[in-house]
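S.K.: one predicted model, sequence on top.
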Amino acid sequence: MAGTKVIVWVVRILIIHNHYGRYATGGEANVMEAEARLLEEHGHTVMKYERTNAEFDDLGIAGKFRALRQVSWSEDSYRAVKKIIYDFKPHIMHVHNYWFLLTPSIFAAAKDLGATTVMTLHNYRLICPGGQFLYKNRPCELCLDGKPWRALWRRCYPGGSMIKTILSLRLYLASRKRKFLSPWVDAYISLSSFAKSKHANKFPIPPRRLPSPLLLPPALGAAAHILPAKRLKGSD
């Protein structure tokens, strides 16, 4: 239409992912890669910061002890991500996974430097110590009652590892104490209506801050629901 002014926002986006294996593909990693390609194809500037839990195997005894001690809040990751944000100056930091080297401390780094933060809820780690709402491959939501200690004797972490169950429970308890990271995360993306409802029931989020579902392009794999969303800083 003649005389119509079109404004296109070009956004700098920092995408962060902590791989479970040695930079494995599949699941969360594929979503991250698809997102990065899609954003770049539409003219946005994207930087990826990736870590892998396989790094743990290469650490010495002292390094492994430090990583395990910092599983709920890593000062090392805080400083590393803060430096990246200071240099890259992203409008948005989008996190797909922080378990277990990165930890939730990366969100505090972003907020301290004024970056808007988004987290995709690929699993139920924030509200379930085992992360999957499963026990012996059967649906289980017992810990939604606010009593997660049963996860220890049930060894709820996938695979039944007691060490990983303890670490996961520590992270869960710390995240709950921090109000499920809501002071640092501006928006959560859930991948289904079921996931949205489960998280919304636990998060202290007013109903007016739960927008309508957002349908993402097929490249990202599925419909996603945003909760909650805030105006981007520096996008006016």
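M.R.: That came in fine, so what should we check first?

S.K.: elements contacting the helix or strand hosting Glu50?
M.R.: Here Glu50, judged by DSSP states H and E, is contained in strand 45-52. Contacting strand 45-52 under the criterion 3 or more Cβ pairs under 8 Å, 6 or more residues apart in numbering; DSSP states H and E are the following elements: strand 12-19, helix 28-41, helix 75-88. For every residue, glycine as well, the C-beta is placed using N, CA and C.

S.K.: can you list contacts of whatever helix or strand comes next after that strand?
M.R.: Taking DSSP H and E as the definition, the helix or strand that follows strand 45-52 towards the C-terminus is helix 61-69. Identification of contacts with helix 61-69 by Cβ atoms under 8 Å, 6 or more residues apart in numbering yields 56, 59, 74, 76, 100-101, 167.

S.K.: between those, which is closest to Ala195?
M.R.: Phe100 (21.1 Å; Cβ to Cβ).

S.K.: quick one, strands of the protein?
M.R.: The residue ranges that make up the strands of the chain, judged by DSSP state E, are 12-19, 45-52, 92-97, 116-121, 134-135, 138-139, 187-190, 225-227.

S.K.: dump these to a markdown table, plus mean neighbour count and distance to Met162.
M.R.: A markdown table is the format used below for those (neighbours: other Cβ atoms under 10 Å; distance: least, Cβ to Cβ, whole Å):
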| stretch | mean neighbour count | distance to Met162 |
| --- | --- | --- |
| strand 12-19 | 22 | 22 |
| strand 45-52 | 16 | 23 |
| strand 92-97 | 24 | 22 |
| strand 116-121 | 22 | 26 |
| strand 134-135 | 16 | 15 |
| strand 138-139 | 8 | 20 |
| strand 187-190 | 23 | 30 |
| strand 225-227 | 20 | 33 |
